[in-house]
Structure formats: structure tokens, C-alpha cells
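Engineer: With the sequence up front, the predicted model follows.
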Amino acid sequence: MTPHVHDHDSDHSSVYDGLVGSDPSHWAFGTDFEDPLAGVDTTLADGVDGPTLAAYCLMLGDDALVYSHRLSEWCSRAPDLEEDIALTNIALDLLGQARLLLARAAAADPGVVPVLPDGSPIPPEDALAFFREAGEFRNVRLVEPGNGDFAVTMVRLLVFATWRLAIMQRLESSVDPVLSAIAAKAVKEVTYHRDYAGRWFLTLAQGTDESRRRLLAALDLVWPYRGELDRVSEVERRAVDEGFGVDPAAVAAEVDVVLEQVFSVSGVERPERPALAAVRGRAGRDGLHTEELSRMLAEMQSVARAHPMGRW
Amino acid sequence: MTATLEEQFESTIAGHDRIEPRDWMPEGYRKTLIRQVAQHAHSEIIGMQPEGNWITRAPSLRRKAILLAKVQDEAGHGLYLYSACETLGASRRELYDKLINGQQKYSSIFNYPTLSYADVGTIGWLVDGAAICNQVPLCRTSYGPYGRAMIRICKEESFHQRQGYELLMTMMRGTEEQQAMVQESVDRFWWPALMMFGPPDDQSPNTAQSMAWGIKRDTNDELRQKFVDMSVPQAAALGVTLPDPELRWNEERGHHDFGQPDWEEFMAVVKGNGPCNAQRIAHRRQADEDGAWVREASMQFAARNERRVETR
């Protein structure tokens, strides 16, 4: 029995109650790991190939996972509290999307999940996030580099969110009902991300000489990564054929129109910078990444990998 | 005239009613409050760092989401509290400068390093637990905006405490290495957590006046006792040992007897010589300096648009 502790702050005493053996509904995020797709029917629709769907979900999931990680590095370092909170929100939204997409990939093809020691309690989403090598990640290179200053972060976010929103809007009509539902959630979130970045783009363009100078430099830095977003990988081509994926080339024009609008309102010229080359035809979607990704993963995966039988 | 205002103030305090921003208040009361609320706000902002240290290494995606959301809540608490300070006539900028220049303090607990992922749980359980013990009585503090901010903050802190405890419980169900990690973390944080209630009553110079004004409702030693009494059964349920050989239940007092923290270490940390004092302030200063051009751009942009609206 626990000794009774007299509490004279009865009006707000509820915050003390029930740390031990109380109603589990009081625990935010639950009391245990829960499959983000728990209760969702993950049966494949007719004509959908499991491994292709899994590979496709990993692409979109890794984009969100890696970019969320980069944005989370702003936490406690942003220009002011409001921006700290906003950037963390965006990182959290993308982390949520990553969890759903990795879980969808694992359900569509358990073969994509790295094999862990027998009896390891690590769930598939974490095995995918923490136990794959850099070359097994399928994200575009845009999301990998360090954040740079606030201008670089806002330009990268504008490009990323504009592109992802265009993809997610079309994915709402995916023949895979799970992917379609994930996209519907993502559209709401990414719309905010794009607006947030767009507002800051305008503010920095028309703020001070320094902010404009930094913004233009950021645009030059980020723009070479823009071209890769229009490339169509073999997996994406099959995903389009099977009716569950989006052709990135088909959204390229729309992405450019939105970006042109932001540039024009801000009084900024579209940068004339050529796209980053691929390496013998391989880029991020093929597992060919920047040098920065493996260093980022070394940090991100360090604790999880030290405890392959760990329970978190 | 002043006598009448002072009488009104005294009678509000005596009746346990709230003092509101437009009410007359003695200069000493205003100054004490600014000092206390600012110190509390700074603690939230500096407190983002020790846990933020583990965001990029969180060992599961669920834990990463929980930790990001928690650190984001701390930024939010900082915002409410700086706003409460603004109602007393102290601007956020002025308070930031005082924090960075060392003219105002923050809770010394954040000058201890976080050395393993278990520290994220221990900080939730013990540090947030101790903070709640300190803060719950403040929900009834005499200054309205502070009291109302505290009601909201306490509710969120209690979530954090539960989440921290839940992380430790999960790790205690994990591998032996994980269990050892939890015990080691509790060993390191138990004494600093006890120090969070401040020096013993006979060495606390500000307590008497703060109690008379209703800013503070319980003495340091009363709160420390309450915290120990609460924590003992929680430690037992968790399966960890609290590192105090003098800790035992005293039937006669109806409370636990316990040993004293190292008050020399406490004074060293308070005076700026803790393991992380310089690091925490340097981090804050760096973020503030790096963000200066962004805040300036935002102000210029807003000012220009205001003029545009006026000339329309």
C-alpha cells in the first residue's frame, strides 16, 4: 500500500493523481507502442503489386522522415519562440506522415523490413527508420543537407511543400485506400507548411537588404535540387500504371506555377541554376544520396542500433 | 490616496482574490513578480535544451514524436509566461537580454547534462514532477495572469510527467542494459531534483515576503517533503532504488525521512559554475544572435505594410 499523502491543493490536485496504476486514457500517446495503422484494412486492391506499393511508400515516407529530422534540428534554435513552435509543428506533421507511410510499406511487403535478432520487440516502422543503411533510403536529395540559415530553410521548405502538396492532392484518388487516406491527412498539413514558407519568403524578400541578400543566396543554393523532383523512377512509373501512384513529371508544371507566383509577388527572379547531376543515372530515389545523409543517419540511428533488442 | 490603494491591495490579498494588471500594486510586489515569472519563463526556454539534446537520437519514431511535442510545449509555456510578464510592464526583449547577460536566473536543474536517453524519462518523472509540486500552488497565486497561465501549464506538465514515467516503465521491461540505464539516470537526477525546491527554509531569504503577498503558498521544505512522499511509491512501482541511504518511512510524522542534498554543489550551480551553465547560455545567445536578422526583416516588412495601408 502506498502511504496517503495529504494534499491541500485539492482544486488542482488531479495533476498528482494516478501516476501509478491509473486510467490509461490519461496518458498522451498511449502507454505502449501502437501500430499507426491499427484497425486499418491493409489488403491490396486488385492489380496492385505489394513490393511496388511498398517501394513507393518508402520513397514518400523517407522524404518525410529525413526532412522531419532536419527540421527538428531547429528546435530551441529558431529566430523566436513563434518560429520554434511552427518549425516543430511541421517536423511533427512530417514525422506522422512518415510513420504512416513506413507502416504502409511494411504491411504491403514485409520483405522490405530489415531483419532483426529473433525476439526483437522493435516494430516495423522503427526497423525501417533505424536499421537501414543510407543506400537503402529512397528520399530525394533535396531534404538531406543541413538546414543552413533561416532563409535556406524557408526556401527549401517552400520548394518541398509546394511539390509534396501537388503529389498528395493527386494521391487522394489513389486506388490504394490506405495511401489515399494518408494523402488526405497530408494535404491539410502540407497546405499549412507551404503557406508558412511562402509568407516567410515574401517577408525575407521585402524585409531588409540583408534578408533579401540571404534569400537570394539561399535560392541559388537550393534550386539545383529542384530538378530531381521531376525525375520519374522505375517504381513511380509502375505505381502510375497500377493506379496507386503519381507521375512526378505530371505535377512539375503546377509546382512551377505556384513557385512563379511566390517569386513574382516577392519581386524575385526565378534562379538560373542547372539541376544537380545524377550518378550514372542514379539519384535519391535510387539510393544515391549526398554525403550528408549518412552522417545524419549515424546520429539518428545511434541509440536504436545500440539496442537491437530494446523496448522503447 | 496611496493608503487607500494600498488598503485595497491588502484586502484583495487577504481575501485570496486575484490582483489584475490594471490594479494598483506596490512596486516591491511588481518587481518580485517580474523576477519570479521571468525566471519561470527562462526556465521553460532553457529547459528545452537538455531534452532537446536527444531529439535527433530518439530511439523510436513514437518517442521522437513525444519528445518533439514536449519540447514544443516548453516553448509554448515560455510564451505564456513572457506574456504574463508583459502585463507587468516588462518586454520579452528586455527579459531575453537579462537572461543572456546573466542578470536573471533560471532553474538550476537545467545546468545538469543529459547523458543517456533514460534522462528524457527521468526529467519527465522527477524534474517535471518536482516542477509540478512547485507550480500547483501557484495556480492560486495572487496575480491573475500568472495564476491562469499556471493552470494551463500544470495540466501540460502532468502529461509530461506521465510520459516520462511511462518511458522509464517501458525501459524497465526491456533489456538489462536498459534497466541499468534507468537506474543510473535516477541516481544522477534524484539529488538535483530535491534541490529544485530551493535552499532549506532557514536559509531562504525571499520566502517570508512572498508568502505574505500570496505569491508563494508553501515553504521550500514543505514542498520538498511532499515531493519525496510522492516519489517513493512511484520508484517502488518502477523497480528503481532512490540513492538515499537515509530514506525511510517515519510512522510518527506520517512522512518519509530523507537525507540532505549537497548544498555546496547547489550553491556552485546557482552561482554559475554548474556543469552546463555556460553552455546553456551560449546556446541561447547563439540562437538569439542568429535570429536577429530574421526578426529585423519581419519588423521592417510589417512596418512597410502598415505604411502602405495608411496611405491607401
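Structural biologist: Received it, and whenever you're ready, just let me know what you need.

Engineer: low-confidence ranges in chain A?
Structural biologist: Scanning chain A with the threshold set as pLDDT under 70 gives A:1-32.

Engineer: list the contacts for the residue most central in space within it?
Structural biologist: The residue lying closest to the centre of chain A (Cα atoms, centre = their mean) is A:Ala64, at 1.2 Å. Applying Cβ atoms under 8 Å, 6 or more residues apart in numbering or on different chains to A:Ala64 gives the contacts A:Leu94, A:Leu95, A:Gln97, A:Ala98, A:Leu101. Bear in mind the C-beta positions are built from the backbone N, C-alpha and C, glycine included.

Engineer: Which one of these is nearest to chain B?
Structural biologist: A:Leu95 (5.4 Å; Cβ to the nearest Cβ).

Engineer: for the closest one, phi and psi?
Structural biologist: phi -60, psi -40 (degrees, to the nearest 10).

Engineer: Look up the closest residue to it, ignoring the ones flanking it.
Structural biologist: Excluding the flanking residues, the one nearest A:Leu95 by Cβ to Cβ, 6 or more residues apart in numbering or on different chains is A:Ser68, at 4.3 Å.

Engineer: My reading is that that neighbour lies in a helix. Confirm?
Structural biologist: Yes. Assessed by DSSP: H, G, I helix; E, B strand; the rest coil, A:Ser68 belongs to a helix.

Engineer: before we move on, the earlier item: and the contacts of A:Ala64, which of them are buried?
Structural biologist: Neighbour-count burial (16 or more other Cβ atoms under 10 Å in any protein chain shown) applied to the contacts of A:Ala64 gives A:Leu94, A:Leu95, A:Gln97, A:Ala98, A:Leu101.

Engineer: Closest to A:Ala186 out of the residues you listed?
Structural biologist: In terms of Cβ to Cβ, no member of the buried ones among the contacts of A:Ala64 lies closer to A:Ala186 than A:Gln97, at 5.2 Å.

Engineer: Pick out the residue of the stretch 101-250 of chain A closest to chain B.
Structural biologist: Closest to chain B within the stretch 101-250 of chain A is A:Gly207: 2.7 Å, counting by Cβ to the nearest Cβ.

Engineer: wait, that residue sits on B:Ala303?
Structural biologist: No. Contact criterion Cβ atoms under 8 Å: A:Gly207 and B:Ala303 do not qualify, at 9.8 Å.

Engineer: of the two, who's got more company?
Structural biologist: Taking other Cβ atoms under 10 Å in any protein chain shown, A:Gly207 and B:Ala303 do not tie; A:Gly207 has more neighbours (25 against 11).

Engineer: Which element, helix or strand, includes the more buried one?
Structural biologist: A:Gly207 is part of no helix or strand, with elements assigned from DSSP states H and E.

Engineer: quick one: contacts for the residue lying closest to it once chain neighbours are set aside?
Structural biologist: Distance criterion Cβ to Cβ, 6+ apart; nearest residue to A:Gly207, sequence neighbours excluded, is B:Ala297 at 2.7 Å. Neighbouring residues of B:Ala297 by Cβ under 8 Å, 6+ apart: A:Thr203, A:Leu204, A:Gly207, A:Thr208, A:Glu210, A:Ser211.

Engineer: again, only this time at 6 Å
Structural biologist: Contact analysis of B:Ala297 by Cβ atoms under 6 Å, 6 or more residues apart in numbering or on different chains lists A:Leu204, A:Gly207, A:Thr208, A:Ser211.
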